[in-house]
Each structure stands twice: as C-alpha cells, then as structure tokens.
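A.B. asks: Have a look; sequence and predicted model below, questions after that.
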Amino acid sequence: MPLTDLPLAELEQYRPDVLQPADFDAFWSTTLEESRAAGGPVTLEPADTPVTELIVEDLTFPGFAGDPVRGWVTRPRTTGPLPTVVEFLGYGGGRGLAHEHLTWAASGFVHILMDTRGQGSAWGSGGETADPHGSGVAFPGVMTRGILDPADYYYRRLFTDGVRAVDAARDLPFVDESRIAVTGGSQGGGISLAVAGLRDDLWGVMPDVPFLSDFRRAIAVTPGAPFTEITQYLAVHRQHAAQVLDTLSYFDGVNFARRATAPALFSVALMDTIVMPSTVFASFNHYAGADREIEVYPYNNHEGGQGHQWLRQARWLAAH
C-alpha cells in the first residue's frame, strides 16, 4: 500500500482555508439549547451479561430533540467519582454487546459507549438507537441525509447526541466531572472533535484517525467510501454542489478544531484510503488548544494504531 496523500513534511504544514459560516456559533448554540430544553430522562439498568468483576449497565439518555439514545456504562467495582472516557463509534457500527468494551473500565475508568443513531448494521454486533427524523433524497448511507440544509443534516443530530452524552455523564454520581475525556475512531474521532469544539469543560479529547474534516478536499480526493457517498450524490445532483458544500461547512472538523481547547491526542495513518491524512492534519494544525499531539502511523491504512494507539491514549491520560 503506497502513501495516499502528501509527504509528512507537507502534511505538518497543511492548513487549508476551510469555509466558516458566519452563523456557525449561533447555529450550534441554538441547536444545543433546543435539545437541552427538550429534556428527557437518563436511566441505567443492569446489563444482561455474565461479566461479574465490573459493573456493566444499560444506558439511555436524551440526545438531539430529546430522542432516546442507547449506550453502555462499564466501570470498576469501586466507590467515589472516577475519571471517565466517553467513546463514539465508527461509521456503520453500533454499541454491540455489553461484554465487548471492557478495556477502559478494567484500567480504572468509567467507560461510556454511545450508540450511533440510525447506524449499527454494517459491522460489529448491532445498534439499538433509531433515528426518527426523515430526510430528502439521499445516497445509501448517512452522509447525504438532509445534506441540502444544515438544520436537516444527519450529523447535526449525531454531534448533538455526542454533546448530550457528556451532559449525561456529568450527572452520574460515579463520574468525576472534572475528568471527562472523549474519544473514538474514524467517525467516532470526528464526533469527539465536534464535541470538543462545542464544550469547554473536557479533560481531554483523543480523535483516532478522525473522519469528517476538510470536506472540500476529502470529497475530491478520497478513493474509498463513505466520502464517495457525497461525490456520487453530486454526480447526480450536479446543481446542488454549492449548497452541499455550504451545509458541510457547519459540520467540518476544522471549524470545531478552531474552537477546541482541551488537551488533545490525535492519530493519523499515512496509507489511509478512507480518511486522507491531509484532512486529519487540517484539523490538527488548526486546533486551538496549545496542548496537542499527533501520533503518526506511516505504514498503516485506516486501522491506524489499533491496540498500540489505545496504549498511547491510556498513558497520555495518566500523564494528564
């Protein structure tokens, strides 16, 4: 597998001039205010699992527009508030089974895994959160759902779910609200970056090979799905290109990175065919926080560092 993008020296200097809507902050402030006002209960029920040495609970919390979102909470059998990792999932995946996500809790953290609305049937063991909001015509997948209007776009709902997951975490008695970090791989990395740009109270953010940044370049040069969902849509709906790019600017990871200040640990793979390395560096190089690092995997595709990156993250959090 050859390098898929610019040489590393050029990536380290890559700072694209990404379109930033004048009403970006107002759009997101109104979105979050409306969803928080919608309310809804946060519930925890014992999970049906043979795991006995950790506490595993079935979480439901209110996301966008108060819609119920599912998740898992896994934590050590100890008392007192603990540092917490809120994790978001990659494209097409769902929360799966309760026993599949034990590593963070086994290391002394509360782990909250958010299900992904309307996804969960492409890989893994399935999701359980519906997306009750419809959209106009779209290419299969979620990348073009509602893409002609920022208010209708799918990722408005999903990014809001991510913010509300942290809201829910802060209200749990066993969570140390001063030490909540967010993470995820690919789409999950994109969600974590969005959440970091929409809040100022995070302990850390760890976007792993993050998706959903520098859209204009990504849809022009990425050879693999799911960015190609957008190019295929535009190949048919030729007259909507400007409108689509305007919508995407409200969800571009670069614009969230410009606002994010939490300590950050990114990762990138230089042979990635799904998330171009330049789009990761676009967000990293625009990241507002001074405490930021990026782990580079020169010979990897979209799998990135896998278990090696988890070790890097765990040690990074310990150092913070």
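C.D. replies: Thanks, I have it.

A.B. asks: where does the chain dip in pLDDT?
C.D. replies: In the predicted model, the chain carries pLDDT under 70 at residues 1.

A.B. asks: Could you look up the SS state of the residue nearest the centre of it?
C.D. replies: Centroid-nearest residue in the chain, with CA atoms, centre = their mean: Ile191, separated by 1.9 Å. What DSSP: H, G, I helix; E, B strand; the rest coil gives for Ile191 is helix.

A.B. asks: For it, give its distance to Pro81.
C.D. replies: Separation of Ile191 from Pro81 (CB to CB, to the nearest Å): 24 Å. Every C-beta, even on glycine, is put in place using the N, C-alpha and C of the backbone.

A.B. asks: Tell me, how many residues neighbour the nearest residue to the residue nearest to the centre of the chain once chain neighbours are set aside?
C.D. replies: Leaving aside its chain neighbours, Ile191 sits nearest to Phe88 (3.9 Å; criterion: CB to CB, 6 or more residues apart in numbering). For Phe88, the neighbour count with other CB atoms under 10 Å is 30.

A.B. asks: Hmm, Ala181 and Phe88 touching each other?
C.D. replies: No: using CB atoms under 8 Å, Phe88 is not in contact with Ala181, being 11.8 Å away.

A.B. asks: Pull the contacting residues for Asp115.
C.D. replies: In this structure, Asp115 makes contact with 69-71, 89, 94-95, 127-129, judged by CB atoms under 8 Å, 6 or more residues apart in numbering.

A.B. asks: Correct me if wrong: Val51 contacts Leu97.
C.D. replies: No: using CB under 8 Å, Val51 is not in contact with Leu97, being 10.2 Å away.

A.B. asks: ok so, going back, from the contacts of Asp115, which land in strands?
C.D. replies: Among these, DSSP state E puts 69-71 in strands.

A.B. asks: mind putting these in CSV, neighbour count and distance to Phe211 included?
C.D. replies: Shown next, in CSV, are the ones in strands among the contacts of Asp115 (neighbours: other CB atoms under 10 Å; distance: CB to CB, whole Å):
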residue, neighbour count, distance to Phe211
Val69, 29, 20
Arg70, 21, 22
Gly71, 26, 20
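
A.B. asks: Including distance to Leu311, could the residues you listed go into JSON lines?
C.D. replies: Shown next, in JSON lines, are the ones in strands among the contacts of Asp115 (distance: CB to CB, whole Å):
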{"residue": "Val69", "distance to Leu311": "29"}
{"residue": "Arg70", "distance to Leu311": "29"}
{"residue": "Gly71", "distance to Leu311": "24"}
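
A.B. asks: List phi and psi for Val166.
C.D. replies: Backbone geometry at Val166, expressed as degrees, to the nearest 10, gives phi -70, psi -40.

A.B. asks: circling back: residues contacting the residue nearest to the centre of the chain?
C.D. replies: Counting by CB under 8 Å, 6+ apart, Ile191 touches 88, 158-159, 162, 182, 184.

A.B. asks: go with 6 Å
C.D. replies: 88, 162, 184 (CB atoms under 6 Å, 6 or more residues apart in numbering).

A.B. asks: and if you look at Phe284?
C.D. replies: 266, 294.

A.B. asks: ok, then the element right after the strand or helix carrying it?
C.D. replies: Using DSSP states H and E, Phe284 sits within helix 277-286. Of the helices and strands lying after helix 277-286 in sequence (DSSP H and E), the nearest is strand 292-297.

A.B. asks: Report all helices and strands that that following strand contacts.
C.D. replies: Counting by 3 or more CB pairs under 6 Å, 6 or more residues apart in numbering; DSSP states H and E, the packing neighbours recorded for strand 292-297 are strand 264-269.

A.B. asks: quick one, the strand it packs on and helix 277-286 angle?
C.D. replies: For strand 264-269 against helix 277-286, the angle by axes from the mean of the first three to the mean of the last three CA atoms, to 10 degrees is 160 degrees.
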